[in-house]
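**Q** coords please:
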Amino acid sequence: MNVHFIAIGGSAMHNLAIALSRKGAKVTGSDDEIFEPSRTRLEKQGILPASIGWFPEKITGDLDAVILGMHAREDNPELLKAKQLNIPIYSYPEYLYEQSKDQYRIVIGGSHGKTTITSMLLHVVNELGLNVDYMVGAQLEGYDCMVKLSEDAAFMILEGDEYLSSPIDRRPKFHLYRPDTALISGIAWDHINVFPTWENYVDQFRKFCKVIEPGGKLVYNSEDPAVKSLGEEFASKLETKPYQTPVYRTTETGTIMSYEGKEYELNVFGAHNLQNLVGAMHLAESMHIPNHDFLTAIKTFKGAGKRLQKVAENGSFTMFKDFAHSPSKLKATTSAVKEQYPDRNVVACMELHTFSSLRKEFLPLYDGAMNAADEALVYFSPAVVAHKKLEPLTIKQVQEAFGGNVKVVNNTQEVLDFIRAKNWDNSVLLMMSSGNFDGIDYEKLGEELIG
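**A** Purely as a prediction, here's the structure:
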């Protein structure tokens, strides 16, 4: 196979490029910007483009496929050349389907929890020594590539993102995978620049259910009303398996979960994580993994990358970083930390960073999202709002949207000043963002606070 990537430097794209190269394909690519860690990882694999930019001369008739990333535009000169030469053009999810159409596909969808559930399933698979192919949307500890493609794996595990597939394919990615077994973890309105209403957003998950292979299985979170409604809607068409939060109790190091008369000691904590774990367990059933084997293997799972990831800790202080940014994620993460540390002062800091979160009409959905914290701070950057060409926000607007005693700032230094002014004895600091508060080095800050 001779495959060319347009926008090879993307976080998803470069992983697929590396996986295809390892499978034996001849891989080339282009991009007008390639940041770390993509640059070093592509270079190590020997497929880093020699020059930055777009080069139509790279598009030749001997290419078997062109894979188009979201970073490219519709008028990209390489894309136009590929169309001119009638070379097959695939989006990232389309090509993953092409690679896995002869495998049993397990697809994890939902507005939140996707990466954690995928990570849990992969952890158990590795502990049990099973050979599977996979694609997961975040860098996980112990993996040097987040896509694996092979000729001999019976299963393909895919994290099913609902965002668009490519600049010329406006279908959500998870509509293209046609799962044999699918999971929906939760539905909370997101990507409002693409899905302008709640009903339109929910309909994407309905379409996802419709592309499950005939006779396939839908695992769904019955504690989420919108998901429960979909599960019941498709109960006559698919094999359905509802799940919910199990019986558990917190410990100093994590959680003890009760299931079918047995207790299992776990490193993860929080109702949301335990709910995710049960969902992953039911996916494992479709791979013929017994529940007891799953729960025994998951004991050593410590969490997915950037999902409640411990940054620093001493006897009386713990600092976490988390990818949470939507209202539902924010609420679940903050509540989980307070439940785990009920006698500590929990300070939650959150950055409004995504397109949806910075829109005035979306802000009211954050009402009460950080109520579980003892102290809460929200940061947003007016420069980022302007860069996204959105209507300016005021501190007062954000404060009113979140409610409670949330402190709102719009300067990174104010975030640091707020943190440094505190006595962190018997406390927890939770930093939540899909960014980094415009320049905060979490590890360095953690070292400073434990002093």
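**Q** Look up phi and psi at the residue lying farthest from the centre of the chain.
**A** Ranked by distance from the centre of the chain (CA atoms, centre = their mean), the top residue is residue 61, with 36.3 Å. Backbone torsions of residue 61, given as degrees, to the nearest 10, read phi -70, psi -10.
**Q** my guess is residue 208 is in a helix, correct?
**A** Yes: under DSSP: H, G, I helix; E, B strand; the rest coil, residue 208 falls within a helix.
**Q** right, and it touches residue 109 too?
**A** Yes: Residue 208 is within contact range of residue 109, at 5.6 Å (criterion: CB atoms under 8 Å). Where you see a C-beta, it was placed from the backbone N, CA and C, and this is true even at glycine.
**Q** overlap in contacts of these two?
**A** The contact sets of residue 208 and residue 109 overlap at 160, 162, 174, 182, 184 (CB atoms under 8 Å, 6 or more residues apart in numbering).
**Q** Would you enumerate the residues in contact with residue 95?
**A** Residue 95 sits in contact with 16, 65, 67, where contact means CB under 8 Å, 6+ apart.
**Q** For the closest residue to residue 26 other than its chain neighbours, give me the pLDDT.
**A** Once flanking residues are discounted, residue 26 sits nearest to residue 2: 4.7 Å by CB to CB, 6 or more residues apart in numbering. At residue 2, the model reports a pLDDT of 97.
**Q** ok, now how distant is residue 2 from residue 150?
**A** According to CB to CB, to the nearest Å, residue 2 and residue 150 sit 19 Å apart.
**Q** And residue 101, by the same measure?
**A** For residue 101, the distance to residue 150 (CB to CB) stands at 14 Å.
**Q** Between the two, which has more neighbouring residues?
**A** residue 150 (14 against 11; other CB atoms under 10 Å).
**Q** phi, psi of that one?
**A** Residue torsions, per degrees, to the nearest 10, at residue 150 are phi -150, psi 180.
**Q** and if you look at residue 139?
**A** Torsion angles, degrees, to the nearest 10, at residue 139: phi -70, psi 120.
**Q** Surely it and residue 146 touch.
**A** Yes: counting by CB under 8 Å, residue 146 is a contact partner of residue 139 at 6.3 Å.
**Q** So these two - more neighbours on which side?
**A** residue 146 (24 against 17).
**Q** What distance do you get for the closest residue to the more buried one other than its chain neighbours to residue 322?
**A** Closest residue to residue 146 apart from its sequence neighbours, by CB to CB, 6+ apart: residue 15 at 4.5 Å. For residue 15, the distance to residue 322 (CB to CB) stands at 22 Å.
**Q** Over to residue 156?
**A** Here the criterion is CB to CB. By it, residue 156 lies 28 Å from residue 322.
**Q** What of residue 127?
**A** 24 Å.
**Q** Compare the two and say which one has the larger neighbour count.
**A** Set residue 127 next to residue 322 and count neighbours by other CB under 10 Å: residue 322 wins out with 24 against 16.
**Q** Just grab the bridge partners of the more buried one for me.
**A** Counting by DSSP bridges, residue 322 is bridged to residue 432.
**Q** my guess is it contacts residue 304, does it?
**A** No: Residue 322 is beyond contact range of residue 304, at 10.2 Å (criterion: CB under 8 Å).
**Q** Tell me where the stretch 1-150 of the chain has strands.
**A** Counting by DSSP state E, counting those that start in this stretch, the stretch 1-150 of the chain has strands at residues 2-6, 26-30, 65-68, 89-91, 104-109, 133-135, 147-148.
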